[in-house]
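Asker: sequence unknown, structure follows:
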Ligand SMILES: NC(=O)c1ccc[n+]([C@@H]2O[C@H](COP(=O)([O-])OP(=O)(O)OC[C@H]3O[C@@H](n4cnc5c(N)ncnc54)[C@H](OP(=O)(O)O)[C@@H]3O)[C@@H](O)[C@H]2O)c1
Ligand SMILES: NC(=O)c1ccc[n+]([C@@H]2O[C@H](COP(=O)([O-])OP(=O)(O)OC[C@H]3O[C@@H](n4cnc5c(N)ncnc54)[C@H](OP(=O)(O)O)[C@@H]3O)[C@@H](O)[C@H]2O)c1
Ligand SMILES: NC(=O)c1ccc[n+]([C@@H]2O[C@H](COP(=O)([O-])OP(=O)(O)OC[C@H]3O[C@@H](n4cnc5c(N)ncnc54)[C@H](OP(=O)(O)O)[C@@H]3O)[C@@H](O)[C@H]2O)c1
Ligand SMILES: NC(=O)c1ccc[n+]([C@@H]2O[C@H](COP(=O)([O-])OP(=O)(O)OC[C@H]3O[C@@H](n4cnc5c(N)ncnc54)[C@H](OP(=O)(O)O)[C@@H]3O)[C@@H](O)[C@H]2O)c1
């Protein structure tokens, strides 16, 4: 895709990945987000950048917010020059409710309140839980859970005040449901975010708001992989259990996010969409390891099983 | 939408529905399914007809299959003349494995094996469970669970034989997870279908197959509503608890189905997508009934709660 | 039960509740917790008190901890004199990691590290989400999510250090999974707690630790009901949708908690047990409202449905 | 336990299993099931036999039913002589509704209608799905899903007719939710059973019935293991991912089943209890494989992660 930075196929992909080539071009009709304002936290890098790129290409005026203003500004400039639509960079540490409020003030001045909100900012790192201090715990949950809540409540209140409808989307993770060792603050906070969005899907429909969730599987972004797989050794074993045989691409998340945020999805609220090449179910299913059994071994096993029938 | 039969807004919709207007035009780029063959069970009516219409409009050659050949043929003719693409009608009772096999033979002759498979055929009716005979139980589970399995296994085997990849989609329901009284055979069979598709998402990725699920909320189709709400009195109470304030439209399911079956979703496998206007979570959340509390009552309640603080 | 304060049956119970009489006597064999130390947060009132009572009656030495030392001391004295086993009261605000650390120091001195840990302390109140300030949000999540994390991490680290096994239990709620409007901070924090416990079930098994969860449905305790149903008007509609036709009793939770914390459940880890009289599923199932249809109306509906067959 | 056949600890257990010794003695108070009749399908072998043993030891009169009358009779005799309470053997192929009806006739004559029903009969074998014929599919789903439905509906109708309350329990499996490759008919049918029981929990509470589910993890029974792990090579890798470090024992399921079927659990309906040593979550959680990282490697990884901070 001309929209997204080119991804060279890496060794480690499974043979079946040839059936599942990624397609990252913008999927929705041109102009789907004309006259719409989209607010994306963490929009300067990784998945946030990809979603901003797609929404911008589809006509949205975008506001991206995170801590590093320089990164945001560079991304904003690059996307804007690609798509021809304005992208605004606003500094904001989501874990600080006052910073969030100031950020929304700034946005109101720049673009008015948004039609599309994507809560994508997050922090994470791998660590055995017995090594977590209370501060390490809070360093993640404050961004992920409180940050998402502060952004959502602040925007929600102002939108309600203005009787304006909106689509809210949160980016969580496939381990929000099962939990996972070694990323425990992230798992807890993301599960909290899911409950927040599910709750508001029920409560704030009456104000014209929709709330939905994407749970991405593993996608190679600098932010995620440097803190989750610093040595790179985990990646291969991950790919080996992904039915589709490859990692995801940012543009694939972006297309799903654009759909969920668009007028084509006005009947979608409270949805939780896993996009992970099948990894989650493949891990969870007790007998999936039998993929390693060869056809000859199956023949032998069938004979053994048959001989127990009637026993 | 010119594609779907016009839906007059019915009384009973909630005020917030004005924020959530349905958009049923085909969402994907024209030609997204060019040179693709799609097989849709129950494609002659309701949601199956809508999905066929959208896929056909996007370039697919479609094969629709169910018991009533005349209904199928009429639908096939109508869609084909709308979209200019061939739609084939093949008679098939999915609960009969031999009929399924013959149907696939016919399809192979007509179009070759499909790239897109949608298991949408189903039966259902409301009934207190103590009134269900074993035959009544089987009349539903044979179609919904066995029928889906026979179609899926037959096509899967032939596709594997031919080393051809494909996207499988099953249409289930929001009560597959929670179960529901008064539609128990359907709830059980649909839950079985979900497990079938989740299982194969893990197992058959290696053959180039993806498996996904849509759980629709209430959409007024003749088939569903005549057997689930024969008196029409249930509909109003359903709408009252849908956060988005209205029923769904067939074209909304069709756009989601088309996306999930397309090359934009090659990284999606094992996903279960609820599209229901938020109804499921709104029912399930214990305190959602408090939507009936008025602003004045909230003030009073806040005062009462505050007085218990510190108690 | 002589163990639990007597509950007079209240009007509002449904006729079927006669089949489902509560039994609150301690279920496990006498002495099941002899030589065991149990630590229960929020053990001074409500469900925490009931669980402490049962564990104490079964032989455990208990330590109860919360903010109000006087309440704890009174409860400790009462239970101790009932059961003949020591109950210690330790002041602790779980949202303060230093207070948690001091509390565990105190416990180590009094009883040594615990064998059984029950995270039961929580806060909650009903409120429309647009009225929540960042502080109101944090007032709940700091207790429920951070508090549980601080207690769990502090105890976990010390137990690991001492190579001592333990059973951890968290008390969450039936709306942790679905979310719920009007109790959003609680829903989010409880979902976070569940992910924390699921995650550690996977990660800390190797250290001899089990982690499980109880999701209680509605049980009339002063703490919960004064803040969730201050007017008392919600209770009746709740009972009306509980299949078992009555609210739960604290001693019923206590027996389940004792089982899960006991040696009979050493193979249980990562379990999430809903104990709610069936309320959750009854709310969530789309057609459960048809319980209001009378037998005569069913006859009419069956006739109407039959007349659409073959259509 | 004197109640259950002695299990020699097998090599392959993990070191932490020393913290999690199985305790299979009957947990409930003696006489808990006095004057109660329990009906257990598949009660002649494996888990069904263990549950029958425990219920019988606690005072129940038991009726066990399956296809092999000789096996049933031998088990009945052995348990009866152990516990001193009557155990009746009744032949029944659950997939045949007429056989089910005759079996219940026989039971009515012998003991009257049951107070406790346990649907435990099942069939299963491992097999790649592309090798499944329609008959192979039906050979499993007919027993597991239809069989459970026929037993449940037949007993339910008669109990309702007689205004008698009862506790229903179904034994499913941890892969009912996630699905699993290579055991697909079982996964689908068990998911169907869960939906059936969840649905009836909502619908039949009004008749005095409770419905609950146990999802066991791996327990070495002849029936299960000969068809699921005929070579024995899968067992070791299974144990390696169970947080509790060992397989389960039949008596552990039996104690949970007895609790759920007892008067201590009258407020439990619609519960789904996983008892699996933590296996399910341990498989499902994306980063749980990091248990293989050594302390030294963690130190290195921490340094690498720290160096990316602020990047
Ligand atoms: N990549 C994956 O495999 C994967 C998988 C599952 C889920 N996800 C989720 O996808 C989302 C994006 O992740 P990514 O992979 O794109 O990684 P990323 O590039 O590191 O993105 C994280 C973003 O969050 C921003 N952020 C962090 N702390 C913030 C704070 N306190 N206030 C405001 N913004 C903050 C960062 O910007 P600043 O540093 O400028 O603040 C950054 O732009 C995250 O929610 C992540 O959990 C990713
Ligand atoms: N509408 C809703 O509110 C709703 C909500 C949730 C889920 N759904 C699901 O959506 C799907 C479509 O339902 P719908 O509302 O569009 O109702 P519908 O028009 O009645 O569709 C059912 C289709 O299944 C076909 N069918 C039934 N038995 C069959 C058999 N034995 N073999 C082959 N085909 C068979 C029917 O065609 P023939 O009569 O010609 O065989 C019919 O075209 C179903 O899976 C349904 O469960 C609908
Ligand atoms: N009752 C129900 O219907 C119901 C339903 C679902 C879940 N639950 C859960 O059951 C648990 C017990 O609730 P309950 O009904 O028994 O209500 P409760 O009597 O109000 O119990 C809450 C306890 O938490 C303690 N607590 C609150 N904040 C604390 C803090 N910062 N530090 C330490 N302890 C603190 C309180 O003691 P202090 O005030 O002394 O600190 C109190 O003992 C809670 O987790 C609740 O969410 C209850
Ligand atoms: N063991 C495990 O690891 C494990 C794990 C998860 C779930 N489970 C579940 O636990 C339950 C018991 O399994 P198990 O391990 O104890 O294996 P098992 O000994 O093979 O038990 C299966 C029982 O079902 C009976 N049965 C089979 N087909 C029947 C039919 N058509 N009609 C009536 N009865 C029939 C069998 O008796 P006849 O041959 O005499 O008919 C047998 O007693 C099953 O539901 C199984 O799915 C077991």
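Answerer: Looks like it arrived, so ask away. The structure presented is a predicted model; accordingly, all values stated were derived computationally and were not measured. Numbering: from 1, shown residues only, chains lettered A, B, ... in the order given. Ligands and ions are numbered 1, 2, ... in the order given.
Asker: pLDDT averaged over the host helix or strand of residue A:169 - what is it?
Answerer: With secondary structure defined by DSSP states H and E, residue A:169 is part of strand A:166-171. With pLDDT averaged residue by residue, strand A:166-171 scores 98.
Asker: ok, now stretch A:110-123?
Answerer: Regarding stretch A:110-123, the rounded mean pLDDT is 98.
Asker: is any part of that stretch close to chain C?
Answerer: No. If you take C-beta under 8 Å from any C-beta of the partner chain as the test, stretch A:110-123 misses chain C, and the best it gets is 12.9 Å. Quick note: C-beta positions are derived from backbone N, CA and C, even for glycine.
Asker: Let's verify the closest residue to chain D within the stretch 101-250 of chain A: helix, strand, or coil?
Answerer: Per C-beta to the nearest C-beta, the residue of the stretch 101-250 of chain A with the smallest distance to chain D is residue A:180, at 3.3 Å. Three states are possible here, and by DSSP: H, G, I helix; E, B strand; the rest coil the one that applies to residue A:180 is coil.
Asker: The nearest residue to it once chain neighbours are set aside: neighbour count?
Answerer: Of all residues not flanking residue A:180 in the chain, residue D:285 sits nearest, at 3.3 Å (C-beta to C-beta, 6 or more residues apart in numbering or on different chains). A count of neighbours around residue D:285, defined by other C-beta atoms under 10 Å in any protein chain shown, yields 31.
Asker: Also the one 5 residues further on?
Answerer: As a burial measure, the neighbour count of residue D:290 was computed by other C-beta under 10 Å and equals 22.
Asker: contacting residues around the residue nearest to it when sequence neighbours are not counted?
Answerer: With sequence-adjacent residues excluded and distances taken as C-beta to C-beta, 6+ apart, residue D:290 is closest to residue A:182, at 4.4 Å. When contacts are counted by C-beta atoms under 8 Å, 6 or more residues apart in numbering or on different chains, residue A:182 is found next to A:126-129, C:203, D:287-288, D:290-291.
Asker: Go again with 7 Å.
Answerer: Counting by C-beta atoms under 7 Å, 6 or more residues apart in numbering or on different chains, residue A:182 makes contact with A:126-128, C:203, D:287, D:290.
Asker: gap between it and residue C:65?
Answerer: Residue A:182 is 29 Å from residue C:65, where distance means C-beta to C-beta, to the nearest Å.
Asker: repeat for residue A:50
Answerer: Distance of residue A:50 to residue C:65, given as C-beta to C-beta: 47 Å.
Asker: likewise residue A:134?
Answerer: Counting by C-beta to C-beta, the gap between residue A:134 and residue C:65 amounts to 17 Å.
Asker: near chain C, which residues of the stretch 201-311 of chain A?
Answerer: With C-beta under 7 Å from any C-beta of the partner chain as the criterion, the stretch 201-311 of chain A meets chain C at residues A:202-204.
Asker: Please repeat the previous calculation with a cut-off of 6 Å.
Answerer: Proximity of the stretch 201-311 of chain A to chain C (C-beta under 6 Å from any C-beta of the partner chain) is limited to residues A:202-203.
Asker: can you tell me the residue of the stretch 201-311 of chain A closest to ligand 2?
Answerer: For the stretch 201-311 of chain A, the nearest residue to ligand 2 under the criterion C-beta to the nearest ligand atom is residue A:267, separated by 11.8 Å.
Asker: Ramachandran angles for residue A:177?
Answerer: Backbone dihedrals for residue A:177, given as degrees, to the nearest 10, come out at phi -80, psi -50.
Asker: And for it, the neighbour number?
Answerer: 25.
Asker: Please apply the same query to residue A:307.
Answerer: For residue A:307, the neighbour count with other C-beta under 10 Å is 11.
Asker: so where's chain A uncertain?
Answerer: Along chain A, the parts satisfying pLDDT under 70 run over A:1-11, A:309-311.
Asker: In it, spot the strand with the most residues.
Answerer: Across chain A, the longest stretch assigned as strand under DSSP state E is strand A:209-216.
Asker: Which residue, neighbours along the chain excluded, lies closest to whichever residue of the stretch 51-200 of chain A sits closest to ligand 4?
Answerer: Across the stretch 51-200 of chain A, no residue is closer to ligand 4 than residue A:178, which sits at 18.8 Å (C-beta to the nearest ligand atom). For residue A:178, ignoring the flanking residues on the chain, the nearest one in space by C-beta to C-beta, 6+ apart is residue D:284 at 3.7 Å.
Asker: Could you do residue A:149 as well?
Answerer: In this structure, residue A:149 finds its nearest non-sequential neighbour in residue C:137, 5.4 Å apart by C-beta to C-beta, 6+ apart.
Asker: Go ahead and name everything in contact with the helix or strand containing residue A:110.
Answerer: Assessed by DSSP H and E, residue A:110 sits inside helix A:97-111. The contact list for helix A:97-111, computed with C-beta atoms under 6 Å, 6 or more residues apart in numbering or on different chains, reads A:37, A:61, A:63, A:65, A:88, A:90, A:92-93, A:150-151, A:154, C:134.
Asker: Among the residues you listed, name the ones in helices.
Answerer: Taking DSSP state H, the ones among those that sit in helices are A:150-151, A:154, C:134.
Asker: Identify, from those, the entry nearest to residue A:228.
Answerer: When the ones in helices among the contacts of helix A:97-111 are ranked by distance to residue A:228 (C-beta to C-beta), residue A:151 comes first, at 23.5 Å.
Asker: Give me the neighbour count for that closest one.
Answerer: The local packing count at residue A:151 equals 25, with neighbours defined by other C-beta under 10 Å.
Asker: That one: what's it in contact with?
Answerer: Residues in contact with residue A:151, defined by C-beta under 6 Å, 6+ apart, are A:94, A:100, A:119.
Asker: Which stretches in the stretch 201-311 of chain A count as strands?
Answerer: Per DSSP state E, counting those that start in this stretch, the stretch 201-311 of chain A carries strands over the ranges A:209-216, A:272-275.
Asker: export these to CSV and tack on mean neighbour count and distance to residue A:194?
Answerer: Output for the strands of the stretch 201-311 of chain A, formatted as CSV (neighbours: other C-beta atoms under 10 Å in any protein chain shown; distance: least, C-beta to C-beta, whole Å):
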stretch, mean neighbour count, distance to residue A:194
strand A:209-216, 25, 6
strand A:272-275, 23, 7
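Asker: Just want the angle from the helix or strand that residue A:47 is a member of to strand A:209-216.
Answerer: Following DSSP H and E, the helix or strand that holds residue A:47 is helix A:46-57. On the basis of axes from the mean of the first three to the mean of the last three C-alpha atoms, to 10 degrees, helix A:46-57 is oriented at 130 degrees to strand A:209-216.
Asker: my guess is residue A:86 meets residue A:61, correct?
Answerer: Yes. In this structure, residue A:86 sits in contact with residue A:61. The criterion is C-beta atoms under 6 Å, and the distance is 5.0 Å.
Asker: More neighbours: the two, which one.
Answerer: Using other C-beta under 10 Å as the criterion, residue A:86 and residue A:61 rank with residue A:61 on top: 22 against 16.
Asker: For that one, list the residues it contacts.
Answerer: If you count contacts by C-beta under 6 Å, 6+ apart, then residue A:61 has A:37, A:86, A:111 around it.
Asker: Brilliant, that's me finished.
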